[in-house]
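Engineer: sequence and predicted model, in that order:
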Amino acid sequence: MATGSDAPSLTAYLHLEFAPFDKTDDRRPFGVSATVEEPGGEVRTFQGYGFADDQEFPRAAAVHQLLEALPHAPRLAIHMAGLSTRLDHFKRGNGKKSDGSRFIGSRHLEALLAAREANLLEILKPPQSFTTGYQLAKHGAKKSLEEVRKSSTARGNVEAVFNANTLIHFRETTK
């Protein structure tokens, strides 16, 4: 991301929608969507889906990919549930949990922590009142979750190719 101090920051809303817990599989399908409001009023939408046994992994992966998709943004202020506390724990533990193991998605967390410390990323709570951008993100996440549920081969492909925590096809859907 560029570091222009006079350029306005981008505002984004990110939402994840998880399938109900299934006792036969630790991994849960999820849908994720983000809407990004450009300073000129343009709205960009990003959607994806995946499988995770940890709810923080998809948040970190999606925000990291969003930062990479917006390389010229001077600053990203993102409204979302979670992740801020995980970043604080990651920083305090120097990338390790209290048991000494690494956090799931450490490479994403490292990139997000660096962006936050460089004042290129601000993580805010979801809005309390109706916000069009956040409602669009919620709708997009539900739509993405339905896509992964409909796909009869999605779960089989992920089991064969990926580990337990995978974000698939998180990309821009509109320009």
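Structural biologist: Looks like it came in fine. Numbers count the residues shown, from 1 in each chain.

Engineer: can you give me the strands in this protein?
Structural biologist: For the chain, strands defined by DSSP state E occupy the ranges 10-18, 28-37, 43-52, 76-79, 121-124, 166-172.

Engineer: least confident of the ones you listed, on average?
Structural biologist: Looking over the strands of the chain, mean pLDDT reaches its minimum on strand 166-172, with a mean of 74.

Engineer: does residue 145 touch residue 19 like I think?
Structural biologist: Yes: taking contact to mean C-beta atoms under 8 Å, the distance of 6.3 Å between residue 145 and residue 19 places them in contact. (Each C-beta comes from the backbone N, C-alpha and C, glycine too.)

Engineer: contacting residues for residue 145?
Structural biologist: The neighbours of residue 145, taking C-beta atoms under 8 Å, 6 or more residues apart in numbering as the test, are 17-19, 29-31, 49.

Engineer: re the thing from before, so can I have JSON lines of the strands of the chain showing distance to residue 133?
Structural biologist: As requested, these are arranged in JSON lines below (distance: least, C-beta to C-beta, whole Å):
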{"stretch": "strand 10-18", "distance to residue 133": "4"}
{"stretch": "strand 28-37", "distance to residue 133": "4"}
{"stretch": "strand 43-52", "distance to residue 133": "7"}
{"stretch": "strand 76-79", "distance to residue 133": "8"}
{"stretch": "strand 121-124", "distance to residue 133": "12"}
{"stretch": "strand 166-172", "distance to residue 133": "15"}
